[in-house]
Structures are given as C-alpha cells and as structure tokens.
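Trainee: curious how this folds, go ahead:
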Amino acid sequence: MKKTCFVVMGFGVKTDFETGRKYDLDMTYQNIIKPAVEAAGVSCVRADEIVHAGMIDKPMYDQIFRADLVVADISTGNRNAIYELGVRHALRPHTTIVIAEDSNDKIPFDLNHIVIRKYRHLGEDIGVKEARRFSGELTDAVQRLLAAEPSADSPVYTFIPDLQRPELQAASEARAAAVAPPPPAETHRALMELAREAQKASRFEEARQLLSSVLAVMENQAPNRTPDPTLLQQLALVTYKSKLPTPIEALRAACEILKKLSPETSNDPETLGLWGAVHKRLWQLTSSRESLDCSVRAHERGFYLRQDYYNGINLAFLLNERSLVQADLNEANTDFFLARRVREEVIGLCNVWQNANPRGSGQLEGARYWVFATLAEAAAGLGDEPTCQKWLQESYALKPDPWMIESTQTQLATLRRLLGDAAAKSLPLHAPLISANLLS
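Mentor: The predicted model follows:
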C-alpha cells in the first residue's frame with residue numbers, strides 16, 4: 001500500500017509575533033509540501049482534509065502515531081504545531097521532517113539542535129522559483145528518509161536510546177484499517193475556498209453562511225476548544241459586511257464572534273484591526289462615544305505594539321473623528337496633531353514594506369493594494385492631494401476586488417469631510433498642551 005504522510009502545521013494566515021509578519025500557511029501546504037510529498041509517491045493529508053463524525057483530536061493523534069512520515073512546519077512559532085511535533089517525537093523515533101520559514105531564527109531551545117529545513121515565504125504566497133527549489137529538496141528528503149535504514153531523528157529516542165516505541169493492539173489496527181478515507185470534496189478546506197470566492201465577489205452573506213457551517217462542525221467536534229483565530233476573523237469580517245438583517249445587528253453579531261479572541265487583551269493585529277473597524281462603524285451609526293473610544297484603543301494597540309500600518313491609518317482617521325467631538329479644546333488639538341504624526345509614521349512603515357517587497361518578488365498584489373491605498377489616505381490626511389491621487393492610480397492599476405475600491409473611496413470621502421469640518425472649526429486653534437516627548 002502507498003505510504004502515508006501527515007502534515008503538522010497551522011492553517012490560513014498566521015502572524016509571526018517575533019517578526020510581526022503575516023504568512024498564508026495554506027500557500028506553503030498547497031505550493032510546496034503536498035506537491036513535494038506526492039512527487040515522492042507518498043499520500044499526503046493535513047488535519048483540515050480529514051472529515052470525522054466525532055472530535056477531530058482522535059483522527060489527528062491517530063495520524064501523528066500511524067503515519068509513515070510526518071512533515072511539521074513550525075513557522076510563526078505555532079503552538080499547536082510545536083505541541084503536535086512533540087507528540088510525534090515521543091511516539092515515533094524516526095521519519096519526521098521539520099521545516100520553517102527562514103526569516104525568524106529564534107528557534108526554541110529544545111528544537112534548535114535538530115535539523116530544520118528552511119524556505120522563504122513572501123507573506124501572501126511563495127515565489128515560483130523558491131517553491132520549485134524547496135519542493136525538490138523536500139521530495140528528495142522524503143525519498144531518502146523512507147528508503148534508508150531507520151535512524152532516530154526524534155531527540156526523545158536519541159537521548160533515551162533504550163526507549164521502545166509504543167505499539168497498538170491488533171484489534172485496534174484492524175478497526176482502523178476498515179475506516180475509508182473521506183471524499184476530498186467534503187473537506188473544510190473546500191468550504192473555506194468557496195467562502196473566499198464568495199467574499200471576493202462581495203457575496204458576504206453567502207460567505208458568512210459557509211464559514212458558519214465550518215465553525216458549527218468544528219464546535220460539534222471539539223466543543224471545548226477555541227476555533228482557529230483565522231476562521232473567527234474571517235467570519236467576523238463577512239458578518240459585519242453582510243449588513244444583515246440590519247447593519248447595526250450585523251456589527252453586534254461580529255462583536256460577539258470577535259469576543260472569543262479576547263480583543264481587549266489580544267496582541268494580534270488582525271483581531272485588533274477588526275475589533276476597531278466594527279466599533280468605528282458602530283460609532284458612525286449610533287454616535288456612541290463609548291464605541292469611538294473603544295475603536296481608538298484597539299487601533300492604537302495594534303499600531304504601537306506591532307507597528308501595523310492598517311491599524312495606524314485607521315487610528316489617525318479616528319483621532320480626527322474624536323477631535324471634532326472633544327469638549328475640551330486642548331484634547332481636540334491633541335487628537336488633531338497626533339493624527340498627523342501617526343500618518344507620518346505610517347508612511348514610513350509603508351515605505352519599509354515596499355523596500356522589503358519590490359514588484360515582481362511574488363504574488364502580493366492584495367497586500368500591495370492596501371499599502372498603496374494607505375499611502376493615498378495618509379497623503380490626503382496631510383493635505384497633499386496630488387500625492388493622494390498618484391497612489392490611488394497606482395492602487396487601481398492592480399485591479400483589486402470591487403469591495404476594496406469601495407472601502408477606500410468611502411474612507412477618503414469621510415476623511416475629507418472630517419478635515420473640512422475641522423477647518424470650519426478652525427482646528428487647531430493653538431498649540432496643544434502635550435509634552436515634546438510625545439510628539440518627538
């Protein structure tokens with residue numbers, strides 16, 4: 001029978017909190033790992049491709065134990081992946097391959113003395129040249145490992161050489177062999193892909209229903225486990241964008257979804273950005289000062305903790321909003337001046353991103369659009385309309401999804417109105433009473 005490989009890794013977009021970068025780990029699986037393993041003549045499966053009536057933990061641990069080979073991607077320091085790699089090392093003395101994205105060299109002590117194969121990820125995708133290089137290297141490693149005499153690659157069996165690998169009872173083996181593999185069309189990953197396509201076409205309610213179905217199955221399988229943050233983030237986004245049954249109810253439903261990710265204490269810039277976006281819209285619809293302040297805190301946290309340009313540009317926008325409703329003149333001036341300073345910092349972050357991701361370096365057009373749109377908004381906020389128009393033309397040339405353009409145009413129109421209202425009130429009236437250190 002064909003040998004099997006189980007892949008241990010995170011799903012979807014994950015943030016590496018050591019570097020602050022985001023990586024779409026599905027691209028690693030689809031463009032490198034699965035093609036490489038199958039090219040070696042080995043059947044390859046990841047946890048999200050397993051459909052199971054009970055808890056997903058059972059078939060996952062079963063695969064970790066039984067698979068002829070495990071490939072573990074520990075990029076972004078994913079805690080679940082590292083734990084599952086530890087389980088594999090405890091259960092099997094050999095045939096485990098560890099890989100990781102190469103921008104973060106802070107490997108945990110217990111792993112830094114084993115072989116870790118490195119590849120370069122571009123964030124949203126992986127370059128064709130790099131995918132070919134590392135895929136070929138991984139195929140060769142799989143073939144050599146499965147063809148050679150077994151030798152311990154697990155540190156557990158290396159340092160405890162007399163340890164014997166555990167075995168299952170024969171009856172359990174027979175029962176497991178009778179379980180047929182699930183049809184690939186019924187996987188969670190297939191539903192996630194349908195949801196992505198619906199979101200891209202601005203069919204947000206359809207995307208919400210698809211993602212809700214995935215979440216319901218996962219919660220039924222593991223009722224006490226927190227779902228993958230990426231799934232909750234995507235569900236919150238399409239929920240509030242669906243505007244159903246009403247815009248306010250959709251926003252409140254999105255809040256309930258995001259509460260599962262502890263947004264008040266989270267350091268995840270994606271969670272903070274969504275929490276801020278939802279409360280910003282609630283402020284605009286209800287004029288609730290509590291919602292406005294909550295949105296400012298979320299974007300402020302995401303910007304200063306992670307130097308995230310998305311949170312930064314929204315923080316500047318909200319500071320302009322708040323400057324117009326401050327009862328105290330000094331507070332109004334402070335918000336107005338801080339908004340300008342944040343925009344200047346955001347421009348610097350966007351320039352750093354562009355230097356690190358030049359055109360032609362990979363399929364980063366989605367991220368590139370938001371960088372250009374951010375630069376356009378920053379220029380508009382600083383009163384530089386010619387530069388704003390230049391970056392808008394650059395962003396539209398990337399042919400983004402219609403909802404992305406609509407979002408940018410709405411934000412710019414509101415920002416220009418805010419700046420007009422500030423000018424009508426003669427803001428700023430005088431230098432704000434804040435320390436020089438705060439503005440330096």
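Trainee: and the strands in the protein, which stretches?
Mentor: Remark: strands assigned in the chain by DSSP state E are 4-8, 13-15, 22-24, 43-46, 69-73, 96-101, 116-119.
Trainee: what's the average pLDDT for stretch 103-120?
Mentor: The average pLDDT for stretch 103-120 rounds to 82.
Trainee: gap between the two ends of it?
Mentor: 7 Å (C-alpha to C-alpha, to the nearest Å).
Trainee: quick one: it to chain centroid distance?
Mentor: In terms of C-alpha atoms, centre = their mean, to the nearest Å, the centre of stretch 103-120 is found 21 Å from the chain centre.
Trainee: pull out the buried positions in it.
Mentor: Neighbour-count burial for stretch 103-120 flags 104, 111, 119 (criterion: 16 or more other C-beta atoms under 10 Å). Where you see a C-beta, it was placed from the backbone N, CA and C, and this is true even at glycine.
Trainee: quick one: contacts for the last one?
Mentor: Translated: Tyr119. Residues near Tyr119 by C-beta atoms under 8 Å, 6 or more residues apart in numbering: 28, 32, 99-102, 126, 130, 134.
Trainee: ok, now how distant is it from Ile107?
Mentor: Distance of Tyr119 to Ile107, given as C-beta to C-beta, to the nearest Å: 14 Å.
Trainee: quick one, which of the strands of the chain gets closest to Ala147.
Mentor: Evaluated with C-beta to C-beta, those place strand 69-73 nearest to Ala147, the distance being 11.7 Å.
Trainee: just checking: what are the partner strands of the closest one?
Mentor: strand 4-8 (parallel), strand 96-101 (parallel) (DSSP bridges).
Trainee: run through the neighbouring helices and strands of the top helix by length along the chain.
Mentor: The helix spanning the most residues in the chain, taking DSSP state H as the definition, is helix 329-356. The contact analysis (3 or more C-beta pairs under 8 Å, 6 or more residues apart in numbering; DSSP states H and E) places helix 329-356 against helix 309-323, helix 365-381, helix 436-439.
Trainee: and which of the buried residues of stretch 103-120 is nearest Leu305?
Mentor: Asn104 (17.5 Å).
Trainee: from Gly312, how far off is the closest one?
Mentor: From Asn104 to Gly312 the distance is 23 Å (C-beta to C-beta).
Trainee: also Ala379?
Mentor: Going from Ala379 to Gly312 by C-beta to C-beta gives 14 Å.
Trainee: then Ala373?
Mentor: Ala373 sits 13 Å away from Gly312, taking C-beta to C-beta as the criterion.
Trainee: count of neighbours near Gln284?
Mentor: Close neighbours of Gln284, defined as other C-beta atoms under 10 Å, add up to 16.
Trainee: for Tyr240, same thing?
Mentor: By other C-beta under 10 Å, 27 other residues sit near Tyr240.
Trainee: please name the residues that touch it.
Mentor: Tyr240 sits in contact with 250-251, 253-254, 277-278, 281, where contact means C-beta under 8 Å, 6+ apart.
Trainee: could you single out the nearest of these to Val42?
Mentor: Using C-beta to C-beta, Ala254 comes nearest to Val42 of these, at 41.7 Å.
Trainee: now do the residue nearest the centre of the chain against Lys241, distance only.
Mentor: In the chain, the residue lying closest to the centroid (C-alpha atoms, centre = their mean) is Val13, at 3.0 Å. From Val13 over to Lys241 the distance is 18 Å, taken as C-beta to C-beta.
Trainee: please apply the same query to Asn78.
Mentor: Counting by C-beta to C-beta, the gap from Asn78 to Lys241 is 28 Å.
Trainee: any regions of the stretch 201-350 of the chain where pLDDT drops low?
Mentor: 220-223 (pLDDT under 70).
Trainee: give me whichever of the helices and strands packed on helix 329-356 is most buried.
Mentor: helix 309-323 (a mean of 25; mean count of other C-beta atoms under 10 Å).
Trainee: send me it as CSV with only the CA atoms.
Mentor: In CSV, the C-alpha atoms belonging to helix 309-323 read as follows (Å, rounded to 0.1, in the frame of the first residue of the first chain):
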residue,chain,number,x,y,z
TYR,A,309,0.2,50.2,9.1
TYR,A,310,-3.5,49.2,8.8
ASN,A,311,-4.1,49.9,12.4
GLY,A,312,-2.1,53.1,12.2
ILE,A,313,-4.0,54.7,9.3
ASN,A,314,-7.3,53.9,11.0
LEU,A,315,-6.0,55.3,14.3
ALA,A,316,-5.2,58.6,12.5
PHE,A,317,-8.7,58.7,11.0
LEU,A,318,-10.4,58.1,14.3
LEU,A,319,-8.3,60.7,16.1
ASN,A,320,-9.6,63.2,13.5
GLU,A,321,-13.2,61.9,14.3
ARG,A,322,-12.6,62.3,18.0
SER,A,323,-11.0,65.8,17.7
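Trainee: could you check the angle that helix makes with helix 365-381?
Mentor: Orientation check (axes from the mean of the first three to the mean of the last three C-alpha atoms, to 10 degrees): helix 309-323 against helix 365-381 gives 30 degrees.
Trainee: and helix 309-323 with helix 329-356, angle?
Mentor: 160 degrees.
Trainee: which residue, other than its chain neighbours, is closest to Leu258?
Mentor: Ala236 (4.9 Å; C-beta to C-beta, 6 or more residues apart in numbering).
Trainee: on that earlier part again, so the residue nearest to the centre of the chain makes contact with Leu231?
Mentor: No. Counting by C-beta atoms under 8 Å, Val13 does not reach Leu231; the two are 10.7 Å apart.
Trainee: give me the distance from stretch 250-258 to the chain's centre.
Mentor: Counting by C-alpha atoms, centre = their mean, stretch 250-258 comes out at 19 Å from the chain centroid.
Trainee: how about the contacts made by Leu412?
Mentor: Leu412 touches 376-377, 380, 388, counting by C-beta under 8 Å, 6+ apart.
Trainee: kindly state the pLDDT recorded for it?
Mentor: Among the per-residue scores, Leu412 shows a pLDDT of 96.
Trainee: so how far is Gln389 from it?
Mentor: Distance from Leu412 to Gln389, by C-beta to C-beta: 10 Å.
Trainee: Ala250 too?
Mentor: For Ala250, the distance to Gln389 - C-beta to C-beta - is 33 Å.
Trainee: more crowded one of the two?
Mentor: Ala250 (22 against 13).
Trainee: what's the closest non-adjacent residue to Gln326?
Mentor: Gln326 sits nearest to Ala332 (C-beta to C-beta, 6+ apart), 3.9 Å away.
Trainee: distance between the ends of stretch 239-256?
Mentor: With C-alpha to C-alpha as the measure, stretch 239-256 spans 11 Å from end to end.
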